[in-house]
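pasted the sequence and its predicted model underneath.
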Amino acid sequence: MGRRAFVTGGTGFVGLNLIQALLADGWQVSALHRASSDLTFLKRFAADRVVGSITDPGTLATAIPQGTDTIFHVAGNTNMWRARNPEQTHDNVDGTRNVVEAAIVRGVRRLIVTSSISAYGPVSGVITETTPSLGGESWVNYERTKYQAQEIARAATARGLEVVIMQPGAIMGAYDVGTWSRLFPLIRDGKLPGVPPANLSFAHVREVVRAHITAADKGENGGQYLLAGTEATMLDLVRQISALVGAKSPSRATPAWLLKIVAKVADQISSYTGKEPVITPEMAAGLGGNMTIPCTKAKTELGYKTVPLNEMVQDCYDWLRAEGRV
């Protein structure tokens, strides 16, 4: 029997890829999911399914099997609308605290935390693991809570729990149903309202989960690893998707200043309607920044590899087609 892993966020994009890779490597896997979760994809894998929630400490401790070697805490709330900030703080901050406490109670050896490059806050230029984070002071709740969550986890090393923090950029690949995959039908149907002038650092989900698994043994205790490195603009991404779906490619990005005005107006309207805007001020805040992420530490210590954007887009598209989603 292989070592036992416990995965939170097992019905999500990264979680599903991680479970698939762990099982292929011979791990025994227990996947935590809410009673209301869609299990369509999780049921494809021979993982033990456990009902519970990271926000319910009572169910969490009993959900983690005795003898669990590593917890992969992948669950997270990526909300970018202020109306949902309290729920996001509860999920990201309180949820991570609960996972840490349960891991210690159950005698788990190591906790791998899926944080985000967003934990650095509004930084630009060349970003490495030694770049000072501005996330703790960010007005964007997602950035702030991802920073707070990773630091809560890191502090647990003083109590004997081994902790490694993973910080992916923009992830692409199979089992993506809610992030970049949404662009494919929008572009195909000519419904993309505009292209933000965003500069992004992408990662293939395959390489992200491989780094997570390697970190279970080789990751620096108390350390962190940036997982990104394929620099591209949103326009680059949209053009590649346009070519695959046979749509007309846009010639230029929408100016950041215009999108920020649209976001401000949409935010004011949402305060009356109670409906989430298509673009929020939080989303608009990240437009126009420029960063380069070498990922040297992850490449050296975890064998992480950067993948060309066209390969990531193709893999995502092939999966969507195979599933009848595009």
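Done, it's in.

ranges for the helices of the stretch 201-326 of the chain?
205-218, 234-245, 256-273, 281-285, 296-302, 309-322 (DSSP state H, counting those that start in this stretch).

which of the ones you listed is buried the deepest?
Comparing the helices of the stretch 201-326 of the chain by mean neighbour count (mean count of other CB atoms under 10 Å), helix 205-218 ranks first with a mean of 22. Yep, even glycine has a C-beta here, placed from its N, CA and C like the rest.

output it as PDB - backbone C-alpha positions only.
Extracted C-alpha coordinates of helix 205-218, given in PDB (Å, rounded to 0.1, in the frame of the first residue of the first chain):
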ATOM      1  CA  VAL A 205      -1.600  22.200 -14.500                       C
ATOM      2  CA  ARG A 206       0.400  19.000 -15.100                       C
ATOM      3  CA  GLU A 207       3.700  20.700 -13.900                       C
ATOM      4  CA  VAL A 208       1.900  22.400 -11.000                       C
ATOM      5  CA  VAL A 209       0.700  19.200  -9.500                       C
ATOM      6  CA  ARG A 210       3.900  17.400 -10.300                       C
ATOM      7  CA  ALA A 211       5.700  20.100  -8.200                       C
ATOM      8  CA  HIS A 212       3.200  19.600  -5.400                       C
ATOM      9  CA  ILE A 213       3.900  15.900  -5.200                       C
ATOM     10  CA  THR A 214       7.700  16.400  -5.400                       C
ATOM     11  CA  ALA A 215       7.400  18.900  -2.600                       C
ATOM     12  CA  ALA A 216       6.000  16.200  -0.300                       C
ATOM     13  CA  ASP A 217       9.500  14.900   0.000                       C
ATOM     14  CA  LYS A 218      11.900  17.500  -1.500                       C
END
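
quick one, it and helix 309-322 angle?
110 degrees (axes from the mean of the first three to the mean of the last three CA atoms, to 10 degrees).

which elements pack onto helix 205-218?
Judged by 3 or more CB pairs under 8 Å, 6 or more residues apart in numbering; DSSP states H and E, helix 205-218 is in contact with helix 13-24, strand 110-114, strand 162-168, strand 170-172, strand 224-227, helix 296-302.

how far is the helix or strand where Gly95 lies from where the chain is centred?
Gly95 is located in helix 95-105, with elements delineated by DSSP states H and E. Its chain's C-alpha centre and that of helix 95-105 lie 20 Å apart, by CA atoms, centre = their mean, to the nearest Å.

run the angle between it and strand 162-168 for me.
Going by the same axes, to 10 degrees, helix 95-105 makes 150 degrees with strand 162-168.

contacts for helix 95-105 next, please.
Contact with helix 95-105 is made by 8, 53-57, 60-61, 63-64, 71, 73, 75, 111, 113, 149-150, 152-153, 156, 159-161, as judged by CB atoms under 8 Å, 6 or more residues apart in numbering.

can you say which of these are buried?
8, 53-54, 57, 60-61, 63-64, 71, 73, 75, 111, 113, 149-150, 152-153, 156, 161 (16 or more other CB atoms under 10 Å).

next step: these restricted to helices.
Pro57, Leu60, Ala61, Ala63, Ala149, Gln150, Ile152, Ala153 (DSSP state H).

now for the helix or strand of the chain with the lowest mean pLDDT, which elements pack on it?
Every helix and strand in the chain was compared by mean pLDDT, DSSP states H and E; the lowest is helix 281-285, with a mean of 85. The contact analysis (3+ CB pairs under 8 Å, 6+ apart) places helix 281-285 against helix 256-273.

distance from the helix it packs on to the middle of the chain?
25 Å.

residues touching the closest residue in space to Asn98 that isn't next to it in sequence, list them.
Residue nearest to Asn98 in three dimensions, not counting chain neighbours: Pro57, with 4.5 Å by CB to CB, 6 or more residues apart in numbering. Counting by CB under 8 Å, 6+ apart, Pro57 touches Asn98, Glu101, Ala102.

tell me how far the second one lies from Ile64.
Spelled out, it's Glu101. 11 Å (CB to CB, to the nearest Å).

ok, Ser37 to Thr11 distance?
Ser37 is 5 Å from Thr11, by CB to CB.

quick one, which of those two is more surrounded?
Thr11 (22 against 17; other CB atoms under 10 Å).

wait, doesn't the more buried one sit right on Ala35?
No. The criterion here is CB atoms under 8 Å, and Thr11 misses it with Ala35 at 11.7 Å.

overlap of the contact sets of the two?
Joint contacts of Thr11 and Ala35 (CB under 8 Å, 6+ apart) do not exist.

distance of Leu320 relative to Val51?
29 Å.

how about residues contacting stretch 72-88?
Contacts for stretch 72-88 (CB under 8 Å, 6+ apart): 5-10, 12, 14-15, 18, 22, 32, 54, 91-92, 95-96, 99, 111-114, 116, 140-142, 145-146, 149, 153, 212, 267, 270, 274, 276-277, 280-283.
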